[in-house]
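J.: Next one to model:
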Amino acid sequence: MENPQSSPQEPTPKKLKMSTTTTTSDDEDRHTTTERKPKYKRRKVAIFFAYCGVGYQGMQKNPGAKTIEGDLEEALFFSGAIPEQDRGHPKRLDWARSARTDKGVSAVGQVVSGRFYIDPPGLIERLNSKLPPQFRIFGYKRATASFNAKKFCDRRRYVYLLPVFALDPSAHRDRESVLASLGSDSELVKCLECSERGRKVAGVMGKRNFESTTTLSEVVSVQSDISSNNATVLLQVDVKEGNSVSLVNGDHSTSISAAVEELVKEAAPSESQVLHSEMVIEEHKVHSDSDGCANRGDEPLKDSGFCYGEREKETLNRILKLYEGTHNFHNFTTRIKAEDPSARRYIISFQANTTVTVEGIEFVKCEIIGQSFMLHQIRKMVGVAVAIMRNCAPESFIEAALKPGANITVPTAPEVGLYLDECFFTSYNKKWKDTHEEVSMEAYAEEAEYFKLKHIYTHIASTEHKEGAVGLWLHSLNYRNYPDLRIVSNEGTSDISAVVEDKAE
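T.: Sure thing, here's the model as predicted:
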């Protein structure tokens, strides 16, 4: 007997979960009125910025020292671009810098890449409000996820502003040369001003002067919202005559604060004054017609008649061209041996075709472009070029210093005249030009030029006026401090081969 077909049964409905708490009308109103915080995503960007290197211990972050990266990272944190858990951990941010400047070296086109929160809008304004005036953020460009400011940088251009008087063989000579010239037809004059300055700088000239008197610059603290990286910064102020500040017996709590406040006001010119100062800074190319030109630098000899004319330009460019190409620069840095592969560097160009006059001092713009540079490399390259121009060494000295088998001590020019001008990302821009914006300084060229004239150029010129950094360095450019410069044969030319062989043994 067949069983009748059973009718399908409906599924048992799920029991509704009952809340253990009751919702009142007040709770509903509170939830509806509370706005949810927007969730922002991190973006890989390249940040473009400039800074005057005075008072900073270089670009790279270093615990216990005031550095550019330290100030930048703290500004990014206080501006909301870096979360609390990633503060102080650059690897988590994919942090990379395009160039690493030394202590006291400035920059106009520095680039740092990383993954940051760029929203809400107004990040650049927030960053600049946290940084001192000598540190400016220009903007940022969105980049690919794999972008790295260091690895993707093809070339770097540096500029060294060298006073024209540094190329004059008769200017700022050392004590031995002055004494040896007495009674001759080309008698040299002792620089009394440099002698007085040298006594105030330890290890430069004579004994150190321990008098607690400051007349040209004061040590002040740069005002910013960044507290964790607030080390003391030397703020160079253009002090006029009669505005000197004297510290006597350590009792300067009231006078120094008032004086510094007054000096800071004078150091911050109005927009019209800055525009006028731009007119004072004259830049021009050197022409062949150099008759009647006079050196506008701070010359110890009033009638030296030296100027950077066509002949001087041709000589200096010929010397600088010896650096171009791939060479072993182990003698132009520290703590790197000739066998180290990193000692080999490629210099694309090194030229000095234009001059610029700032605050009455004429400077030669020595522009160098290369793939990358080592510690003190450019300053040592400039130092050797100056030594050759001043007849302290022959041009063949560069050939000897670039040979791997020679260990030669070369002079190092002061850091104040050097600044990073621009970083280039040519290969990256060519590859990603259809999908991403160009990573370059082109959009910030006008703002960067304004910053360079206002902060970097004036700082270099005022430092030379007040401290005579280049002048004091020229006095130390002698055979006693650099004996390798004096290896000369009886014919008056350097015996380069003998030097290299002796050094290599």
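J.: How about the secondary structure of residue 48?
T.: When classified by DSSP: H, G, I helix; E, B strand; the rest coil, residue 48 comes out as strand.
J.: Give me the neighbour count for the closest residue to it other than its chain neighbours.
T.: In space, not counting the residues next to it along the chain, residue 48 is nearest to residue 138; the distance is 4.5 Å by C-beta to C-beta, 6 or more residues apart in numbering. Backbone N, C-alpha and C define where each C-beta goes, glycine included. Counted with other C-beta atoms under 10 Å, residues neighbouring residue 138 total 20.
J.: and what of the one 10 residues further on?
T.: Neighbours of residue 148 under the rule other C-beta under 10 Å: 19.
J.: for the nearest residue to residue 130 once chain neighbours are set aside, helix, strand, or coil?
T.: By the measure of C-beta to C-beta, 6+ apart, the closest residue to residue 130 outside its immediate chain neighbours is residue 75, 4.1 Å from it. Of the three states, residue 75 takes helix under three-state DSSP.
J.: what about residue 75, neighbour count?
T.: Taking other C-beta under 10 Å as the neighbour definition, residue 75 ends up with a count of 24.
J.: next one: residue 337
T.: For residue 337, which is what you asked about, the neighbour count (other C-beta under 10 Å) is 10.
J.: contacting residues for it?
T.: Residues counted as contacts of residue 337 (C-beta atoms under 8 Å, 6 or more residues apart in numbering) are 330, 343.
J.: that older thread, and the residue nearest to residue 48, what helix or strand is that in?
T.: Take DSSP states H and E as the rule and residue 138 turns out to sit in strand 135-142.
J.: The residue nearest to residue 48 and residue 447 touch, don't they?
T.: Yes. Here residue 138 reaches residue 447: they are 5.6 Å apart, a contact under C-beta atoms under 8 Å.
J.: hmm, back to that, ok, now how distant is the residue nearest to residue 130 from residue 405?
T.: Using C-beta to C-beta, to the nearest Å, one gets 47 Å for the distance from residue 75 to residue 405.
J.: just residue 97 next, same as before
T.: Taking C-beta to C-beta, one finds residue 97 at 34 Å from residue 405.
J.: which one of those two has more residues nearby?
T.: Neighbour comparison, residue 97 and residue 405: the larger count goes to residue 97, with 23 against 14 (by other C-beta under 10 Å).
J.: what sits against the nearest residue to the more buried one once chain neighbours are set aside?
T.: Excluding the flanking residues, the one nearest residue 97 by C-beta to C-beta, 6+ apart is residue 112, at 5.2 Å. By C-beta under 8 Å, 6+ apart, the residues touching residue 112 are 46, 47, 49, 69, 72, 95, 96, 97, 98, 149.
J.: Within the helices and strands, which one has residue 112?
T.: Of the helices and strands defined by DSSP H and E, residue 112 is found in strand 106-117.
J.: what's the answer for residue 388, then?
T.: helix 377-389.
J.: Which strands and helices lie in contact with that helix?
T.: With contacts defined as 3 or more C-beta pairs under 8 Å, 6 or more residues apart in numbering; DSSP states H and E, the secondary structure elements packing on helix 377-389 are strand 155-163, helix 310-321, strand 361-370, helix 396-401, strand 418-424.
J.: same thing but 7 Å
T.: The contact analysis (3 or more C-beta pairs under 7 Å, 6 or more residues apart in numbering; DSSP states H and E) places helix 377-389 against strand 155-163, helix 310-321, helix 396-401.
J.: so which of these comes closest to residue 368?
T.: Across those, residue 368 has its closest neighbour in strand 155-163 (5.3 Å, C-beta to C-beta).
J.: hmm, who's touching the closest one?
T.: Under the contact criterion C-beta atoms under 7 Å, 6 or more residues apart in numbering, strand 155-163 has outside partners 99, 297, 348, 361, 363-373, 378, 382, 417-424, 460, 464, 470.
J.: Now the buried members of those.
T.: For these, burial is judged from neighbour counts taken by 16 or more other C-beta atoms under 10 Å, and it is met by 99, 297, 361, 363-370, 372-373, 378, 382, 417-424, 460, 464, 470.
J.: so where is this protein shaky, pLDDT-wise?
T.: Applying pLDDT under 70 to the chain picks out residues 1-37, 175-190, 192-193, 195-304, 487-505.
J.: where exactly do the strands run in it?
T.: In the chain, strands defined by DSSP state E lie at 42-51, 96-97, 106-117, 135-142, 155-163, 213-214, 218-220, 233-235, 245-246, 282-285, 325-328, 344-358, 361-370, 418-424, listed in chain order.
J.: Now tabulate those strands in CSV and tack on distance to residue 82.
T.: As requested, the strands of the chain are exported to CSV (distance: least, C-beta to C-beta, whole Å):
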stretch, distance to residue 82
strand 42-51, 9
strand 96-97, 15
strand 106-117, 6
strand 135-142, 14
strand 155-163, 26
strand 213-214, 38
strand 218-220, 28
strand 233-235, 23
strand 245-246, 39
strand 282-285, 39
strand 325-328, 39
strand 344-358, 34
strand 361-370, 32
strand 418-424, 22
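J.: how about the helices in the stretch 1-150 of the chain?
T.: Counting by DSSP state H, counting those that start in this stretch, the stretch 1-150 of the chain forms helices over residues 25-33, 68-78, 123-130, given from the N-terminal end onward.
J.: Just the buried residues of the last one, please?
T.: Spelled out, it's helix 123-130. When neighbours are counted by 16+ other C-beta under 10 Å, the buried residues of helix 123-130 are found to be 123, 124, 126, 127, 128, 130.
J.: ok, so of the residues you listed, who is nearest residue 310?
T.: Residue 310 lies nearest to residue 128 out of the buried residues of helix 123-130, by C-beta to C-beta, at 43.6 Å.
J.: hang on, isn't the closest one packed against residue 137?
T.: Yes. The criterion here is C-beta atoms under 7 Å, and residue 128 meets it with residue 137 at 5.5 Å.
J.: re earlier: just give me the closest of the buried residues of helix 123-130 to residue 154.
T.: Looking at those and their distance to residue 154, the nearest is residue 124, at 25.8 Å (C-beta to C-beta).
J.: Name the nearest residue to that closest one, sequence neighbours excluded.
T.: With C-beta to C-beta, 6+ apart as the measure, residue 137 is the residue that lies nearest to residue 124, at 5.4 Å, once sequence neighbours are left out.
J.: cool, and residue 375?
T.: Closest residue to residue 375 in three dimensions, ignoring its sequence neighbours and counting by C-beta to C-beta, 6+ apart: residue 333, at 5.2 Å.
J.: burial count for that neighbour?
T.: For residue 333, using other C-beta under 10 Å, the count is 19.
J.: I'd like the distance between it and residue 373.
T.: Counting by C-beta to C-beta, the gap from residue 333 to residue 373 is 9 Å.
J.: who are the neighbours in contact with the closest residue to residue 159 other than its chain neighbours?
T.: Distance criterion C-beta to C-beta, 6+ apart; nearest residue to residue 159, sequence neighbours excluded, is residue 421 at 4.8 Å. With contact set as C-beta under 7 Å, 6+ apart, residue 421 has these partners: 108, 109, 157, 158, 159.
J.: Nothing else from me, thank you.
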